[in-house]
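Colleague: when you get a sec, could you give me coordinates for this:
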Amino acid sequence: MCNGIKKYLCLLFVTILTACSIHPPLEIAQLPTSIEFEQATYQQIRLDNLGKVIRAVYRPLSPSLQAKDRYIEIFQDLQQDFAKTDPYFVQRKALRQRTFTQNQLQYFALMVQHQQLLGFVLYPPIPQSLNYQVDVFRGENKESCGFLQIQYSQIFPLSALKGKTEQQLFQQFIQQVAKPKLLALSKISIPWRCYAR
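Modeller: Predicted coordinates for the structure are as follows:
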């Protein structure tokens, strides 16, 4: 099941497998050092260059306990010029759907709107990570930059169940977290720019 470390490896696997052939090198995006999201500032705390995938992690500047349970990631997939090879996200949607289904994740949504891939996925607890997690994401193909995705993640403790069934809890997450956060994420402006490698 994709969660915690496995969730990261699962997403990395999905990103890497999207490429079908070798293409000319693309440009690395210049990513923001901070992101404003829902009246909070998220500061970049990590930037990983994995060759064909760039990953940046942002945490809220707020010292509150709630701030520890949420973060933003930006991924850049440099494997091919997806604006030309997969302009309508057919490959990416199919691969994600297959990966989520294989990992027995029942609660997810994938949609294409305004030339962007939008969606969410809900993760149940597993022995290595005794928390629930909601990820919402927005991605776009950028000519000469490959595929860029911004993702908001929020973690909830086991106590979130509070007498509910897991199905009721997931429906609550969808209505109160996933859908509102996805709407908010779809509205923010991300100044990604590219420069030569």
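
Colleague: only C-alpha atoms for contact and neighbour calcs from this point on.
Modeller: OK.

Colleague: just the strands in the chain please.
Modeller: Ranges of strands in the chain, per DSSP state E, are 28-30, 34-37, 40-49, 53-60, 70-77, 108-113, 116-123, 131-142, 146-157, 193-195.

Colleague: dump the ones you listed into TSV; add distance to K181 as well.
Modeller: As requested, those are exported to TSV (distance: least, Cα to Cα, whole Å):
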stretch	distance to K181
strand 28-30	24
strand 34-37	10
strand 40-49	13
strand 53-60	15
strand 70-77	12
strand 108-113	13
strand 116-123	9
strand 131-142	7
strand 146-157	8
strand 193-195	24
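
Colleague: any idea which of those strands scores lowest on pLDDT?
Modeller: Among the strands of the chain, strand 193-195 carries the lowest mean pLDDT, a mean of 72.

Colleague: please report how far the residue nearest the centre of the chain lies from Q43.
Modeller: Residue closest to the mean C-alpha point of the chain, counted by Cα atoms, centre = their mean, is Q151 at 3.3 Å. Using Cα to Cα, to the nearest Å, one gets 14 Å for the distance from Q151 to Q43.

Colleague: same deal with L122?
Modeller: Taking Cα to Cα as the criterion, L122 is separated from Q43 by 24 Å.

Colleague: who has more neighbours, the two?
Modeller: L122 (23 against 18; other Cα atoms under 10 Å).

Colleague: so the more buried one touches L105, yeah?
Modeller: Yes. With contacts counted by Cα atoms under 8 Å, L122 reaches L105, the gap being 7.2 Å.

Colleague: now for those two: what residues contact both?
Modeller: Residues touching both L122 and L105 do not exist when contact is defined as Cα atoms under 8 Å, 6 or more residues apart in numbering.
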